[in-house]
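[1] Sequence and predicted structure below; questions after.
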Amino acid sequence: MLDSLALLLEKTFLLAHFNFFSTTSTKQERCTKRREESTYFQRGDLLEVPRTLFTHFGIYLGDNKVAHLMPDILPVLTSNKSHLQNVVTNKRLLLGVLYKYASVRVDTVEDFAYGSSILLNTMDTTLRKQPLAAEEVARRAEKLVGHFPYSLMWNNCEHFVTYCRYGTAVSLQTDQFCESLKSIIRDQRSIFLTTVIGMLSMFFVGIAPSTALPTFLIPFILWMAG
């Protein structure tokens, strides 16, 4: 079941990342570009990689190395270091998210970027916080290398880098998601829609009232609580 779900989501990500209007570059060209970009990075910099559905973050350690928190199912299945050192694929990442297992690992800039462009220290302006000393930032990241408790909402890669660079773990992506969710819950059209779905389920599909009731009762309670 998990394999099927991961495969479906992986294909979706691949389609979403495909750019019909861009020229195709070879892996060697991409690696060369990354190496050139890494010369501008300083130890302790916060690197940001925009993705289609999320943004990934890491701390630059110098020598073309990046520490970043990655969900990964493979450490649960094997202790073979040669396998674990390979780049975390989308399938491994998605299964790690579902299993809530992650680690802070050190990869090259090329592997961290995974083919995307890199933004540098944009959180400094967004959070309006003074970063810690660069060496302190890097040392914090290095101390956390290894297995790490993971939560998509409350303990993700953004929490990791903000703790290292600013001393406080925050996630703007989580905050934005929660605000969007609250706006949906507070919208009376949501409770109306779930009520209609619940009623149709009972009358036309034959679902018992005890089963259909939560489809509109839970959103109603959350809306009232909000």
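    Thanks, I have the structure now.
[2] Please identify which helix or strand holds L93.
    helix 90-99 (DSSP states H and E).
[3] Which secondary structure elements does that helix sit against?
    helix 2-17, strand 65-71, helix 74-77 (3 or more C-beta pairs under 8 Å, 6 or more residues apart in numbering; DSSP states H and E). All C-beta spots, glycine's among them, are computed from the backbone N, C-alpha and C.
[4] tell me which residues of the helix or strand just after the last one are tucked away?
    It stands for helix 74-77. For helix 74-77, the succeeding helix or strand toward the C-terminus, using DSSP H and E, is helix 81-84. Using 16 or more other C-beta atoms under 10 Å as the test for burial, helix 81-84 gives L84.
[5] With stretch 161-180 instead?
    Buried positions in stretch 161-180, judged by neighbour count with 16+ other C-beta under 10 Å: 161-166, 171, 173-174.
[6] Would you map out the domains in the protein?
    By the assignment in automatic domain parsing, the chain contains the domains 2-171, 187-225.
[7] Would you mind checking the average pLDDT for the first one?
    Domain 2-171 shows a mean pLDDT of 80.
[8] for the chain, what spans make up the helices?
    Counting by DSSP state H, the chain has helices at residues 2-17, 27-38, 74-77, 81-84, 90-99, 109-113, 123-127, 134-143, 157-166, 172-186, 188-200, 209-212, 214-225.
[9] can you tell me how far Y40 sits from C157?
    To C157, Y40 is 22 Å away according to C-beta to C-beta, to the nearest Å.
[10] Many thanks, I have nothing further to ask.
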